[in-house]
Each structure stands twice: as structure tokens, then as C-alpha cells.
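**Student:** output the structure for:
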Amino acid sequence: MSVVAIIRAYKWLELGILKLLSDFIPNALIYYGDNWLGVIFHLPGEPSKKISEKEEKQILAKCGYNSVFHFKINHLSVFPRVVNTLMLAWGEGYVDEDWEAVNGQEETTELGYRIYDKNIKLVSRTFES
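**Tutor:** Numbers count the residues shown, from 1 in each chain. Alright, predicted model coming up:
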């Protein structure tokens, strides 16, 4: 068996496990987005999240930025992809319209900046205690 076949089998198995944990993964990433990036994710089928001024101030105090951004998730399948292939999946998800910025392109650019600024490695930090 070649090394490539072993890697493919491993990635297939890994993605399968992530799909089994698909209920947990969005919650972990959403918590991470709120607390470190100042990002609110709106999931498909859920009513639009309205946050109070107090909640916004709490989020901004935790993340260290001066504004909260809202992103609409169109397909939950983006979350296991993000955990499996990290930032590549965010870019692919944007192109595939799995997610979008609620208030325009500037928020997408700012999300990229915040991820870079915090030197985020999604898998390693998402599941830290």
C-alpha cells in the first residue's frame, strides 16, 4: 500500500469522525468565534441572532476588537471541512457560498485579518480548555 493511499484512508476516516461529531463542532467553533474573533455566526434554520449592547460589550472585551461582525452560515457542512482542512476550507466555503458576510465584503476581509492577527490554528485552539 502506498503512502498516498494511507494518507487518503486516514483523511477519509478523520472526516467521517468529524461528521459524526457534527453537532459538537459548530458549537465549539461558534464559541471560539464569539470569544476570540468578535464574530457572530447565524446558522441555517435559526432566527437571526440579536445581541444586546451589554452582550456586544462583553464580546468586544474578550476579543479585543472594536466591532462585532455577523456571518451567515448557509451549509453546516462547512464546519467539519474547516476542522479537517483548516483555513483552506473557509476560503473554499466562501467560494462555494457555504457562508457569507451579513453586512458586506469588508467583513470578510476583516475576518481574514482577525484570523491572521490572532495567529489562529483552528483545530488546536478550538478544543483547548
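**Student:** so which elements touch the longest helix along the chain?
**Tutor:** Assignment by DSSP state H gives helix 3-20 as the longest helix of the chain. Counting contacts by 3 or more CB pairs under 8 Å, 6 or more residues apart in numbering; DSSP states H and E, helix 3-20 is packed against helix 78-85. Using the backbone N, CA and C atoms, a C-beta is placed for each residue, glycine as well.
**Student:** helix 78-85 and the helix or strand that the helix it packs on is followed by, what's the angle between them?
**Tutor:** Going down the chain from helix 78-85, the next helix or strand is helix 87-95, by DSSP states H and E. For helix 87-95 against helix 78-85, the angle by axes from the mean of the first three to the mean of the last three CA atoms, to 10 degrees is 150 degrees.
**Student:** now helix 87-95: buried residues?
**Tutor:** If you call a residue buried by 16 or more other CB atoms under 10 Å, then helix 87-95 has these buried ones: Ala89, Trp90, Gly93, Tyr94.
**Student:** which one of these sits closest to Leu43?
**Tutor:** For the buried residues of helix 87-95, the residue nearest Leu43 by CB to CB is Gly93; the value is 13.7 Å.
**Student:** where's the closest one relative to Gly112, distance?
**Tutor:** 13 Å (CB to CB, to the nearest Å).
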